[in-house]
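**Student:** With the input below, show me the fold.
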Amino acid sequence: MSLRPRYAGTGRLRLPAEVTIVGADDGPALVEGRFGPDERDPFERTDLEGLLIAESFARAHLERPDQVRVWYLLHGALDVEGLFPRPSSRPGVIRAVRFRDGLDDVLAEQALVRWHLGALVRLTEDGELGEPERDLFPALRHPEGGVLWLGGRDDHERRITAEMAAYRRFEDQPGVGGRDEARDWNLGPIGVARFLDVWWPRAHATWQHLRRSDIAVLPVPSGAWDHAWAAYDEVWGTTPARSGALPMVGRDRTGLLEVARRLLEPYIQETNVTGLALGPLQAGDGPAAAPFEVIEERVWRSALLPIHLQLLEAYRRVTEGAPGAVRCRECGHPILALDPRRTAFCNDRERFRFSQRERRKRLATPPAKRGTQP
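**Tutor:** You can find the predicted model right below:
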C-alpha cells in the first residue's frame, strides 16, 4: 500500500543499476554509480522491516560502506551533488545517468533526517519547550567554516569558527606567536579584549558541550544560506545582513517549527514537476463525459526528495493538531504517524515482541491475594 503524501503527485524514484564504493586518495570514500531503467514508488513499504523510506534511511548503518551500497540498490541513490551542485563542482559526471556522493555527505544527510524525526516526536508532545530543551536546536555547518548553533543564548555561543572549536585559546593555534596577533584581525566593534577573553573561550566551551551532548551538526544545501540563515552572520554588526534574509528564530516551539521549515524548503523546492503528459482518452457518453486528463510527471533521481516529502507531511500534521511522529513502544525508534494502522509500533514483529514480553511479565508476577469467602 502506498502512503503517498500531499504534494507528491505521481512521483517515482529512479533506482541505481550499479553502485560502487571507492576510496578517494585525498579524502573520504565515494559512492559512485549509474542509474538504470527501473523506477519504484518510494512511498510503498518495500523494506524488509516494513518501514517508510525516511525511517529506513535514518536507521541504516551507513557508516559502513557495504551497507551504503545495499541501501542504495534497494531504495535509491542520494545524488547530493546532482541535487545541490557546489560552485566548485566539476562537470565530469554525466548527470543523465551517473551519480557520485561523498560518504561524509551521506552521513550528514542521514543526521539531518534523524534530527527531523526527533523534532517531530517532541513537537507531537504537548507543552512548550523549556530552557533545557535548547539542545533540540541543531548546529548548522557554516559555509565559511565552523558552525552556527541555533540553541545558543547569544552570539558568543551561536557563532563558533573552526579555530574556536579546535583550540581552547587564540594563542594555542599553530603559528600564532601570542595574543597580540589578534590586533591584526578585522574585529570591528567587537574589540580584541572581548574577542580573546569572552567570545573565544565561550565558543570553545559551547563546542565541547555540543560534542558531549551529541547535538546534531547539520548540512545546509549550497545556495540556501543567504536567504535562510544570513541574519546570524551579523555578529555585533560586523557583517551586514543580506537583503531578503529571514530573521533569527526564537528558542521555543514556534522557533523549532521555523527551523524545520527552513531546513525542509530547499529539498521541497526540488520536487517540482518534471513534465506534463496527457492520459489516454476515456470513452464516454456526451461531449463532457471524458475530459482530457493532465498528468504531472515527477521522476526523481534522489531518494532525499520523497524522504523530505514524508517529513513535510508529518510537520503538516503537527501544525494541524495531529501527531507527526511517535516512538515505537518496543524499539524506541521514531516512526512517522502517517499510517492510522500503525501508531505505536514499527511493524508487526515489534508488536509481537512487545506483547510476548508483557505476557511473560504477567506470568512471572504472582497473582494478587484474594479475600477468602466466609
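**Student:** Just the CA trace of the helix or strand hosting Glu109, in PDB.
**Tutor:** Taking DSSP states H and E as the criterion, the element that holds Glu109 is helix 103-124. Output of helix 103-124 as PDB, limited to C-alpha atoms (Å, rounded to 0.1, in the frame of the first residue of the first chain):
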ATOM      1  CA  LEU A 103      30.300   9.200   2.200                       C
ATOM      2  CA  ASP A 104      30.600  12.300   4.500                       C
ATOM      3  CA  ASP A 105      27.700  13.900   2.600                       C
ATOM      4  CA  VAL A 106      25.700  10.700   3.000                       C
ATOM      5  CA  LEU A 107      26.200  10.700   6.800                       C
ATOM      6  CA  ALA A 108      25.400  14.400   7.000                       C
ATOM      7  CA  GLU A 109      22.100  13.900   5.200                       C
ATOM      8  CA  GLN A 110      21.300  11.000   7.500                       C
ATOM      9  CA  ALA A 111      21.900  13.200  10.500                       C
ATOM     10  CA  LEU A 112      19.500  15.800   9.100                       C
ATOM     11  CA  VAL A 113      16.700  13.200   8.700                       C
ATOM     12  CA  ARG A 114      17.400  11.800  12.200                       C
ATOM     13  CA  TRP A 115      17.100  15.400  13.600                       C
ATOM     14  CA  HIS A 116      13.800  15.900  11.800                       C
ATOM     15  CA  LEU A 117      12.300  12.700  13.300                       C
ATOM     16  CA  GLY A 118      13.400  13.600  16.800                       C
ATOM     17  CA  ALA A 119      12.000  17.100  16.400                       C
ATOM     18  CA  LEU A 120       8.700  15.700  15.200                       C
ATOM     19  CA  VAL A 121       8.400  13.400  18.200                       C
ATOM     20  CA  ARG A 122       9.000  16.400  20.500                       C
ATOM     21  CA  LEU A 123       6.500  18.600  18.600                       C
ATOM     22  CA  THR A 124       3.900  15.900  18.800                       C
END
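**Student:** Tell me which strands the following helix or strand past it pairs with, and in which orientation.
**Tutor:** Toward the C-terminal end, the helix or strand that comes next after helix 103-124 (DSSP H and E) is strand 139-141. Here strand 139-141 is paired, per DSSP bridges, with strand 147-149 (antiparallel), strand 217-218 (parallel).
**Student:** State the mean pLDDT of the helix or strand that the first one is followed by.
**Tutor:** What that stands for is strand 147-149. Following strand 147-149 in sequence order, the next helix or strand is helix 155-158 (DSSP H and E). Mean pLDDT, computed over helix 155-158, is 93.
**Student:** Mind giving me the packing neighbours of the helix or strand just after helix 155-158?
**Tutor:** Next in sequence after helix 155-158, counting helices and strands by DSSP H and E, comes strand 159-160. Applying 3 or more CB pairs under 8 Å, 6 or more residues apart in numbering; DSSP states H and E, we find strand 159-160 packed against strand 147-149, helix 200-212. C-beta here means a position set from N, CA and C on the backbone, and glycine is covered the same way.
**Student:** now what about the shortest one, what contacts it?
**Tutor:** Meaning strand 147-149. Strand 147-149 has contacts (CB atoms under 8 Å, 6 or more residues apart in numbering) with 137-142, 157-160, 165, 206-207, 210, 215, 217, 229, 232.
**Student:** low pLDDT regions in the stretch 1-150 of the chain?
**Tutor:** Under the criterion pLDDT under 70, the flagged ranges of the stretch 1-150 of the chain are 1-2, 24-27, 46-47, 87-96, 127, 130-132.
**Student:** how about a cut-off of 80?
**Tutor:** Low-confidence segments of the stretch 1-150 of the chain (pLDDT under 80): 1-2, 24-28, 46-49, 86-96, 126-132.
**Student:** Check the stretch 201-350 of the chain too.
**Tutor:** In the stretch 201-350 of the chain, residues with pLDDT under 80: 234-245, 273-297, 347-350.
**Student:** tell me the helices in it, going along the chain?
**Tutor:** Applying DSSP state H, counting those that start in this stretch to the stretch 201-350 of the chain gives helices spanning 225-228, 253-269, 304-319, 348-364.
**Student:** and the most centrally placed residue in the chain, how far is that from Asp105?
**Tutor:** What sits nearest the mean C-alpha location of the chain, by CA atoms, centre = their mean, is Leu112, with 2.3 Å. Using CB to CB, to the nearest Å, one gets 11 Å for the distance from Leu112 to Asp105.
**Student:** With that, I have no additional questions.
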